[in-house]
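> I'd like to go over a predicted model; first the sequence, then the structure.
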Number of protein chains: 2
Amino acid sequence: MTQQPMPRGTTSGTPTSSAAGTRLDPWLGSYAERTHGMRSSEIRALFAVANRPEVVSLAGGMPFLDGLPLDVLSDVAARVVAERGLQALQYGSGQGDQALREQILDVMALEGIEAHPDDVVVTTGSQQALDLVTRVFVDPGDVVVAEAPSYVGALGVFRAYQADVVHVPLDEHGLVPEALEETLGALAAAGRRVKLLYTVPNFHNPAGVSMTPERRPRILEIARRYGVLVLEDNPYGLLGFDREPWPALRSLDDDGVVYLGSFSKTFAPGYRVGWAVAPHAVREKLVLASESAILCPSNAAQISISTYLATCDWRGQIKSYRELYRERRDAMISALTEHLPDATWNVPDGGFYTWVRLPAGLDAKDMLPRAVTARVAYVPGTAFYYDGAGADHMRLSYCYPTPERIREGVRRLAGVVAGERELVELFGTGGGRARGDVQTPAPDAF
Amino acid sequence: MTQQPMPRGTTSGTPTSSAAGTRLDPWLGSYAERTHGMRSSEIRALFAVANRPEVVSLAGGMPFLDGLPLDVLSDVAARVVAERGLQALQYGSGQGDQALREQILDVMALEGIEAHPDDVVVTTGSQQALDLVTRVFVDPGDVVVAEAPSYVGALGVFRAYQADVVHVPLDEHGLVPEALEETLGALAAAGRRVKLLYTVPNFHNPAGVSMTPERRPRILEIARRYGVLVLEDNPYGLLGFDREPWPALRSLDDDGVVYLGSFSKTFAPGYRVGWAVAPHAVREKLVLASESAILCPSNAAQISISTYLATCDWRGQIKSYRELYRERRDAMISALTEHLPDATWNVPDGGFYTWVRLPAGLDAKDMLPRAVTARVAYVPGTAFYYDGAGADHMRLSYCYPTPERIREGVRRLAGVVAGERELVELFGTGGGRARGDVQTPAPDAF
């Protein structure tokens, strides 16, 4: 018998533990290729600080839950276990609970979607749906086209599957059809395999804009012509401030769109329940992939949500969220107008985020440590680009802090920006950090 | 601008819907390489039938939950939302709840594991931990060494990441060290990259055996010498019938083992809470991978489990499960002895499963449709091999049906076996299906 022992790392035997900073990783040579692209976000350490109570965090995407009727939800939770415990505590279907999938149709009907419960796959938050769709479609080196900027958590998934992300600009009407056509044409000419067009059409994270109804069929037509599946990520679609929801892309194209929905923003994220709606054959693949990934989604969580939908006024809850977040949006915009007149921003008409362009010469990533020192946090724009662009922007979220805290946060931010501008005027730069660093999502940078 | 449209499938424009059986998959050309290896189990359709109440299912791995104190657990669920709702319903840490991670140390202490809460990563069932570990370590073509037979859900994960699985025999004392040494030596000589040794050391699924304390250090030493990380999957370790748990592999080697635990078998699977314990650097990768896959595990589920552990007699619950499953094991063995004297089997001293070798000439996979027609179901041995071996075995689980139903199921099975033997004696074969089919896990083939 031939033996070719391959001892771990560079030392023989079991490595000794030492301080974390100097400890060798004995398994460094064993990781998969994809793992070398995983790294902790540079802003993660700052987020740990940003979660201190004295810091106003305009960084996270956590919904504000204080308005939920906890007494009612406590009764729901008790009934789920008392009356349906043997089902709620047991394994369930890989595709998800049938009754919940039917109720999800009612939710999606608000955006014009007609589907069958069999088309729905329940997932552990819509993040898992992103993971599963990417797993099913993307080989290393395949291209995913995404808006510029784009949701940081989706970019992390695409990176984990070793995709190349090519950004296409958006403007105040959403993804720009002409730019999409040009990009897909160039990629086709270059012989690249484009697998997905990833879009957040409503109240975009981070850009705050929505794809207009006029553009939607045009975007779908272009994607169809190039054989690219559209991945419609829609956690915020029901959280518009001033209008009813626009028709989902999925409502216009059954076969060319995988739609992702979530209860995290319209109800609560703690159950981790989202879903995908996919064409028949794709849905079968998603179920197989999900069974491999988690066996099945939590019955306890699904039945809790199902009972909530069946017995509580979920439409009224969404209405109250809309009013809550509109008030906070107003606080954010008025504070920006007052304190940061030299920056520019959009006025989102729904969702959680304002996308702020800093005065010329400022770098949001460089500035972040100084902002945290001044007890205010945000996510620098670089997090939302695959290629390290976006340093001139920051995402300010208004979902979680109270209006008063939002105003205080922006006031502090204005002080940081003023100081940074002085540095730029004196030295020509506010910091001088290298651009182009790749980031992975921070834990609360939803 | 050059355009090279790539219309989907073979038709232009949106494909028309028709009956599912004849509908073309317009996205067939877009799937990732890994997806072509995903396929629905041939036994899945049979499982749908097997779940009918008139069928005695000896197939599934569902724990028997009727003994859980639902009134107490209902109070727990109510308190989680009423008293800690703003945390339970919110996003949480990607690594998992700190308090729960500390409590998990108490559970693992029962098997001699000493760890730090920072070493623990909470996952959506230990199936997700399997997925994450494989994601972090396995490139396509890498080798995973696993027991023969091995847990069907793990084989599905390894397949999803395009690993090659090489089986190593086990006997009544668990994985055979000499066979492991020989296999790793041969693989090293062949220049293969072996990334993981996957083992279920306690009350093996499906083989029902445990790795003896004498063998454990030998297995670890061999793996260490070949630089192979040990993946210790331990859902059943606390469910021994006649003895206290043996020391976990992880208790003997901090740096060479990733340990997977679960509350699914010792409490309830419906919350989908499992965990991994990993060396420092590996743990960091697992957290990053999990954030990409699901953002964070469910706080509602974690706090429910944490409250259960803190306020209920979880050790007593495990004791009552041990007694329950021992009684069912006894029913299974006595029924086998009475009705299937020509088959052979082990007598498991814990866990959920008996591994039965059929009389010569019989094929468990071929026989399954006839068994289901006779209103009894099992999992054919082929499900537990990567290479289609195992047709001479079947897994009979005794966890879910009552002792009376177990006896009735084995009685029916004996009738099927008798009929099958007549066919073999008459025609030389019981069915004649091709061997070597690849299977993916069926939804309830845990």
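Perfect, I can see it now.
> Show me where chain A has its helices.
Using DSSP state H, the helices found in chain A span residues A:44-50, A:70-88, A:98-109, A:125-137, A:152-160, A:177-189, A:215-225, A:249-252, A:280-294, A:299-311, A:314-339, A:364-373, A:403-427.
> Redo those helices as CSV? Include mean pLDDT and mean neighbour count.
The way it works is simple: take the backbone N, C-alpha and C, and place the C-beta from them, glycine included. Converted to CSV, these look like this (pLDDT from 0 to 100; neighbours: other Cβ atoms under 10 Å in any protein chain shown):
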stretch, mean pLDDT, mean neighbour count
helix A:44-50, 72, 18
helix A:70-88, 98, 20
helix A:98-109, 98, 19
helix A:125-137, 98, 28
helix A:152-160, 95, 25
helix A:177-189, 98, 18
helix A:215-225, 98, 20
helix A:249-252, 98, 23
helix A:280-294, 96, 24
helix A:299-311, 98, 23
helix A:314-339, 98, 17
helix A:364-373, 94, 21
helix A:403-427, 94, 18
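> Export these as a markdown table, with columns for distance to B:Asp342.
Below are the helices of chain A laid out as a markdown table (distance: least, Cβ to Cβ, whole Å):
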| stretch | distance to B:Asp342 |
| --- | --- |
| helix A:44-50 | 62 |
| helix A:70-88 | 37 |
| helix A:98-109 | 42 |
| helix A:125-137 | 45 |
| helix A:152-160 | 51 |
| helix A:177-189 | 64 |
| helix A:215-225 | 61 |
| helix A:249-252 | 57 |
| helix A:280-294 | 35 |
| helix A:299-311 | 40 |
| helix A:314-339 | 59 |
| helix A:364-373 | 72 |
| helix A:403-427 | 75 |
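> Compare the ones you listed and give me the one nearest B:His167.
Taking Cβ to Cβ as the criterion, helix A:280-294 is the member of those that comes nearest to B:His167, at 19.3 Å.
> so how far is the closest one from its chain's centroid?
When C-alpha coordinates are averaged (Cα atoms, centre = their mean, to the nearest Å), helix A:280-294 and its chain have centres 21 Å apart.
> same deal with stretch A:314-323?
21 Å.
> now do stretch A:141-153
For stretch A:141-153, the separation from the chain centroid amounts to 11 Å (computed by Cα atoms, centre = their mean).
> for chain A, longest strand please?
strand A:164-171 (DSSP state E).
> so what strands line up beside that one?
Sheet pairing of strand A:164-171 (DSSP bridges) gives strand A:143-148 (parallel), strand A:174-175 (antiparallel).
> what sits up against that strand?
Strand A:164-171 is contacted from outside by A:141-150, A:155, A:158-159, A:175-176, A:179-180, A:183, A:187, A:192, A:194, A:204, A:207, A:209, A:385-387, A:389, using Cβ atoms under 8 Å, 6 or more residues apart in numbering or on different chains.
> Recalculate using a threshold of 7 Å.
With Cβ atoms under 7 Å, 6 or more residues apart in numbering or on different chains as the test, strand A:164-171 has contacts from A:141, A:143-148, A:150, A:155, A:158, A:175-176, A:179-180, A:183, A:187, A:204, A:207, A:209, A:385-386.
> Next: stretch A:376-390.
Contacts to stretch A:376-390, defined as Cβ under 7 Å, 6+ apart, come from residues A:43, A:46, A:50, A:55-59, A:148-150, A:152, A:155, A:165, A:167, A:206, A:364-365, A:368, A:371, A:391-396, A:409, A:412-413, A:416, A:435-439, A:445.
> Repeat that for stretch A:287-294.
In contact with stretch A:287-294 (Cβ under 7 Å, 6+ apart) are residues A:94-95, A:121, A:123-124, A:132, A:135-136, B:38, B:40, B:124-125, B:127-128, B:131, B:156-157, B:160, B:272, B:440-441, B:443.
> hmm, back to that, which among the contacts of strand A:164-171 end up buried?
For the contacts of strand A:164-171, a burial check counting by 16 or more other Cβ atoms under 10 Å in any protein chain shown picks out A:143-148, A:150, A:155, A:158, A:175-176, A:179-180, A:183, A:187, A:204, A:207, A:209, A:385-386.
> Run through the residues that contact A:Ala268.
A:Ala268 sits next to A:65, A:68, B:89 when contact means Cβ under 7 Å, 6+ apart.
> Next one: it relative to A:Glu111, how far apart?
To A:Glu111, A:Ala268 is 20 Å away according to Cβ to Cβ, to the nearest Å.
> How about the residues of the stretch 201-350 of chain A by chain B?
A:224-227, A:229, A:253, A:255-256, A:268-272, A:279-282, A:284-285, A:288-289, A:291-296, A:298-301 (Cβ under 7 Å from any Cβ of the partner chain).
> Since that was my last question, I'll sign off now.
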